[in-house]
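Undergrad: 3D, please:
(chains A and B)
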Amino acid sequence: MQALTQRSKPVSREPMSLMERIYLPAIFKGMVITFGHMFRKKPTINYPEQTRPFSPVFRGLQVLNRDEEGRERCTACGLCAVACPAEAITMEAAERKEGEENLYREEKYAARYEINMLRCIFCGLCEEACPKDAIYLSETVTPASFARKELIYGKTELLIPNPVTEPEAFAKAREARKDR
Amino acid sequence: MHLLALDWMMLIEKLVLIAVIITVSLVVAMYLTYGERKVAAFLQDRRGPNRAGPAGLLQPLADGLKLFFKEEIIPNSSNRFLFVLGPCLAMLTAMMSCAVVPWGSDFTMFGRTISLQIADVNIGILYVFGVVSMGVYGIMIGGWASNNKFSLLAALRGASQVISYELAMGISLIALLMMTNTLSLKTIVEQQMNGSWWNVVYQPLGFLIFFVCAMAECNRAPFDLPEAESELNMGYHQEYSSMKLGFYLFSEYINMFISSIIMATLFFGGYDIPFVNEANLAPNLAAVLGVVCLLGKSLIFIFVFMWIRWTLPRFRYDQLMNLGWKALIPLALLNMVGTAVIELWKQ
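TA: Purely as a prediction, here's the structure:
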């Protein structure tokens, strides 16, 4: 049979010699090994202060994007909902009224946009399907919750802060995803 | 009333000494729990407690506070009196054995010579053995009073382990006593101080046996069968909660400290400062340095205890008994006979 690792050793079934039966040499050997570990570099990360960097392909919580003027990019075309294999996205479209040009980029917008985080599998297909660059996945991990209801994210949870009215909050939100 | 001419100053002096020694052993035991976690972490490439206070130094206080605030549960089916008595006994016997340990040479203060030893009894070692063998009652009563089969099994294992290893320990010590011709711990230390080598040089095998047995007596890994959490749920203290459990765990650390001190005293010159002739130093300085030296030696032993704990896996019960009865006792007997022959031949 092929060995699974290169480190596997054949088992010796011979009776132990006197030196082996005394056990003490083996114990000292083991103790030297553990003592050596005292001075090793520790791989531990002090979590709240240090965080492990995410891989560039990490897919976290969804964010609804705005353009430079702070208008919502989403036109409620529904392509993300169609692409979603877990069927986590639901939305309701509405027509832009007079005087709302500074709020919505196109004539149609999503009045209601919900992602059920209990269903979402963070596949990123919504991001790929979106023709308007309106939804993307950030580097934030979904926070835990005590109630299932709270895990259905609406527009208040999903929309990125407005860069015109809340530049600081927007910059902070962008910070989470620098490469975008 | 005048039957005993009491020296009141001496009484006060002894009381202060008792208070100091008990405080010191409690604080040392407290920080041993921290040390244990740190050593374990370092041996396993981790960092250990580092949140409470600088480098986690307040961790023992936090642990103690937590234990005090936890809910105290006494099972309905248990014997209440014995249930409470168990941890008290464990703690008491752990503390009692430090009474005969010579912590340092004489200290002169206010024109009085203060002996840094609570009681210099001429049967010091016998007293230690007596108290240590009482320690098994803490385990046994704890396991019995819980009225839980697993606890009882663990307590039985613990009791038989302690009793088996005490034999080898005693026999290995007899060889040492044949050399020293005294049972007083203070005399044993003084013999090692005056130009002669430490006893470990003459009794290496005896020391090794004593060391292994001390580890088994303290219920330290790899001999921690009474608390085998995987085989017996938790061991003899399974039903215990809050500070009563804390007492059991704490008494283990005090035991470890005291047995390290005893080992240092018997085999490593006690408060003898290595490579220094104490007669050349001022007596008070020599006394203080001696205490520091004794504590240092015991800390080294404690580190070795912990080091072994995090290196070796736990013994199986039959392996433990085999080692005790078929290896250590014959070896100790051989050592004793050998020493006797040499001592006779020297005369």
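
Undergrad: Grab the most central residue of chain A for me.
TA: The structure's chain A has its C-alpha centroid closest to A:Gly60; by C-alpha atoms, centre = their mean the separation is 2.7 Å.

Undergrad: That one: what's it in contact with?
TA: A:54, A:122, A:137-142 (C-beta atoms under 8 Å, 6 or more residues apart in numbering or on different chains). All C-beta spots, glycine's among them, are computed from the backbone N, C-alpha and C.

Undergrad: which one of these is nearest B:Tyr248?
TA: For the contacts of A:Gly60, the minimum distance to B:Tyr248 (C-beta to C-beta) is 40.7 Å, reached by A:Val141.

Undergrad: where's the closest one relative to chain B, distance?
TA: Using C-beta to the nearest C-beta, to the nearest Å, A:Val141 is found at 22 Å from chain B.

Undergrad: Number of residues surrounding that residue?
TA: 11 (other C-beta atoms under 10 Å in any protein chain shown).

Undergrad: Is it in a helix, a strand, or coil?
TA: When states are read from DSSP: H, G, I helix; E, B strand; the rest coil, the local structure at A:Val141 comes out as coil.

Undergrad: can you check B:Thr108 too?
TA: Secondary structure, three-state DSSP: B:Thr108 is strand.

Undergrad: quick one: low-confidence ranges for chain B?
TA: Along chain B, the parts satisfying pLDDT under 70 run over B:1-6, B:195.

Undergrad: sorry, back to before: using a markdown table, lay out the contacts of A:Gly60 together with pLDDT and distance to A:Cys74.
TA: Conversion of these to a markdown table gives the following (pLDDT from 0 to 100; distance: C-beta to C-beta, whole Å):
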| residue | pLDDT | distance to A:Cys74 |
| --- | --- | --- |
| A:Phe54 | 81 | 25 |
| A:Phe122 | 91 | 19 |
| A:Leu137 | 87 | 15 |
| A:Ser138 | 83 | 16 |
| A:Glu139 | 80 | 21 |
| A:Thr140 | 80 | 19 |
| A:Val141 | 80 | 23 |
| A:Thr142 | 77 | 20 |
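
Undergrad: Of the residues you listed, select the buried ones using a PyMOL command.
TA: What follows is the PyMOL syntax for the buried subset of the contacts of A:Gly60, where burial is set by 16 or more other C-beta atoms under 10 Å in any protein chain shown:
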select buried, chain A and resi 122+137+138+139
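
Undergrad: In the stretch 1-150 of chain B, what residue spans correspond to strands?
TA: Counting by DSSP state E, counting those that start in this stretch, residue ranges of the strands within the stretch 1-150 of chain B are B:107-109, B:112-114.

Undergrad: Let me see the contact set for the closest residue in space to A:Gly30 that isn't next to it in sequence.
TA: Distances taken as C-beta to C-beta, 6 or more residues apart in numbering or on different chains put B:Thr311 closest to A:Gly30, at 4.9 Å, once the chain neighbours are dropped. The contact partners of B:Thr311, taken as C-beta under 8 Å, 6+ apart, are A:27, A:30-31, A:33-34, B:43.

Undergrad: Out of these, grab the one that's most surrounded.
TA: Taking other C-beta under 10 Å as the neighbour criterion, B:Leu43 ranks highest of those with 21 neighbours.

Undergrad: Isn't that residue up against A:Phe39?
TA: No: in this structure, B:Leu43 sits apart from A:Phe39 without contact. The criterion is C-beta atoms under 8 Å, and the distance is 10.5 Å.

Undergrad: can I get the CA coordinates of the strand ranked longest in chain A in PDB?
TA: Within chain A, and with DSSP state E defining each element, the longest strand by residue count is strand A:108-116. C-alpha atoms of strand A:108-116 as PDB (Å, rounded to 0.1, in the frame of the first residue of the first chain):
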ATOM      1  CA  LYS A 108     -36.100  53.000 -11.700                       C
ATOM      2  CA  TYR A 109     -34.800  52.200  -8.300                       C
ATOM      3  CA  ALA A 110     -35.200  49.500  -5.600                       C
ATOM      4  CA  ALA A 111     -37.700  50.700  -3.000                       C
ATOM      5  CA  ARG A 112     -37.100  47.600  -1.000                       C
ATOM      6  CA  TYR A 113     -34.000  45.500  -1.300                       C
ATOM      7  CA  GLU A 114     -33.500  42.600   1.100                       C
ATOM      8  CA  ILE A 115     -30.800  39.900   1.400                       C
ATOM      9  CA  ASN A 116     -31.600  37.000   3.700                       C
END
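
Undergrad: Work out the gap between it and the centre of the chain.
TA: What separates the centre of strand A:108-116 from the centre of its chain is 22 Å, taken as C-alpha atoms, centre = their mean, to the nearest Å.

Undergrad: Go through that strand and flag the buried ones.
TA: The neighbour-count criterion (16+ other C-beta under 10 Å) identifies A:109-110, A:113-116 as the buried residues of strand A:108-116.

Undergrad: For B:Val337, see how far away the one residue in the stretch 201-347 of chain B that gets nearest to chain A is.
TA: As assessed by C-beta to the nearest C-beta, chain A sits closest to B:Thr311 within the stretch 201-347 of chain B, at 4.5 Å. B:Thr311 sits 32 Å away from B:Val337, going by C-beta to C-beta, to the nearest Å.

Undergrad: same question, A:Pro15
TA: Using C-beta to C-beta, one gets 29 Å for the distance from A:Pro15 to B:Val337.

Undergrad: More neighbours: which of those two?
TA: Under the criterion of other C-beta under 10 Å, the comparison of A:Pro15 against B:Val337 puts B:Val337 first, with 11 against 7.

Undergrad: before we move on, what SS does the more buried one have?
TA: helix.

Undergrad: Also the one 3 residues further on?
TA: Following three-state DSSP, the label given to B:Ala340 is helix.

Undergrad: check contacts around the residue nearest to it when sequence neighbours are not counted.
TA: In this structure, B:Ala340 finds its nearest non-sequential neighbour in B:Met178, 6.0 Å apart by C-beta to C-beta, 6+ apart. With contacts taken as C-beta under 8 Å, 6+ apart, B:Met178 has the following neighbours: B:336, B:339-340, B:343.
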